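A.B. asks: this is a predicted model, with the sequence first.
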Amino acid sequence: MIDDSSLTLYTRTAELAANQVIDSYSTSFGLACRLLGARHRQHVRNIYALVRIAGELVDGMTAAAGLGPAAQSATLERMVDETHLAMQRGCSSDLIVHAFARTARAVEIDESLTRPFFASMRTDLRRSAPVSQSSAGTVDPAALAYFSSAQHSEYVYGSAEAVGLMCLRVFLQGQVRSDADLATLTHGARQLGAAFQNINFLRDLSDDTSRLGRSYLTGSGGLTEADRGAWVAVIRAQLTDADAAIPLLPRDARAAVRSARALFGALTDRIATVSIDELYARRIRVPNPVKAALATAALAKTALESGA
């Protein structure tokens, strides 16, 4: 008989590595994860870790390490190949990939979701403008990589909606739901993921344009007041669609999702009121006491609900 204690220890070490990723990169999602039931929490952390590390590969880390475009692409492709191989085999020498693969196999996340995600990561590498040599650390505005409406939709599906669907598979593991409920939950997961991504595009305007050379929200030119108003309306509609799905989630997932949704709703309200110049100058944030109050409210609302 094969002793599986070594795999158990290795997997726990991989999970600790995944936990460190979320602790280091996102206080907001870290807080939301702490509100999840124990059966969901580690799985969602494992998903976040893989997604975050892939994002770091294409958002400047590899370039900062001195890798050229071809080497940056090769680094991402190694991660893609290792992830899909680990999903088949159930293990990886890469701790973050290993943690994700264990989750993927447990909740039936397959390549129909990971392939669109990695396709969006490839898009980021292809659509990054070179840093200007005349002004250190900035991008020539004429060289910005713009996204058409169709390119935006395709990118957001892979980078955010697919991730929402991965999390939904965690929440619904072992559950039997009606076709109608599944349709509502699937739509809600996609809309919430899209809203989160669009909010991040608005709050990261400065970094995306000045450092990475990407303009996700406009097909040409800078973001205008009218553009911002239109995107805020889109985001609010996406959040409203997501609201309809939250009561259908398992009870031990609702507070976390509500908390994250409330935080991004608060971010949207702040983004709607600041000037365009301010959006291009700094990242809009919600103070920690407000985050805590939103999480408390989410917990209280969920506690009053009935059903599993």
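C.D. replies: Arrived safely. Numbering: from 1, shown residues only.
A.B. asks: please count neighbours and contacts with C-alpha atoms only from this point.
C.D. replies: Noted.
A.B. asks: neighbours around Arg78, how many?
C.D. replies: Arg78 has 10 neighbours, counted by other Cα atoms under 10 Å.
A.B. asks: what about it, which helix or strand?
C.D. replies: helix 69-89 (DSSP states H and E).
A.B. asks: who's in contact with that helix?
C.D. replies: For helix 69-89, contacts defined as Cα atoms under 8 Å, 6 or more residues apart in numbering pick out 54, 57-58, 62-63, 92, 97-98, 101-102, 104-105, 110-111, 118, 122, 125.
A.B. asks: where does the stretch 151-300 of the chain have low pLDDT?
C.D. replies: Scanning the stretch 151-300 of the chain for pLDDT under 70 picks out no residues.
A.B. asks: quick check: next helix or strand after the helix holding Arg78?
C.D. replies: Proceeding N to C from helix 69-89, the next assigned helix or strand is helix 95-107, under DSSP H and E.
A.B. asks: avg pLDDT for that next one?
C.D. replies: Taken as a whole, helix 95-107 carries a mean pLDDT of 98.
A.B. asks: how far off centre is that helix?
C.D. replies: 17 Å (Cα atoms, centre = their mean, to the nearest Å).
A.B. asks: just want the angle from the following helix or strand past that helix to helix 95-107.
C.D. replies: For helix 95-107, the succeeding helix or strand toward the C-terminus, using DSSP H and E, is helix 111-126. Computed by axes from the mean of the first three to the mean of the last three Cα atoms, to 10 degrees, the angle separating helix 111-126 from helix 95-107 equals 150 degrees.
A.B. asks: for the helix or strand that helix 111-126 is followed by, packing partners?
C.D. replies: Downstream of helix 111-126, the next assigned helix or strand under DSSP H and E is strand 145-146. With contacts defined as 3 or more Cα pairs under 8 Å, 6 or more residues apart in numbering; DSSP states H and E, the packing partners of strand 145-146 are strand 214-215.
A.B. asks: contacting residues around the strand it packs on?
C.D. replies: The contact list for strand 214-215 (Cα under 8 Å, 6+ apart) reads Arg127, Ser128, Ala129, Leu144, Ala145, Tyr146, Phe147, Leu205, Asp208, Thr209.
A.B. asks: just flag the most distant two among those.
C.D. replies: Maximum pairwise distance among the contacts of strand 214-215 (Cα to Cα): 15.3 Å, between Arg127 and Leu205.
A.B. asks: out of these two, which sits in the more crowded spot?
C.D. replies: For Arg127 versus Leu205, neighbours defined as other Cα under 10 Å are more numerous around Leu205 (25 against 18).
A.B. asks: so who does that one touch?
C.D. replies: The contact partners of Leu205, by Cα under 8 Å, 6+ apart, come to Ser215, Leu279, Tyr280, Arg283.
A.B. asks: does Ile284 count as helix, strand or coil?
C.D. replies: Assigned with DSSP: H, G, I helix; E, B strand; the rest coil, Ile284 falls in the coil class.
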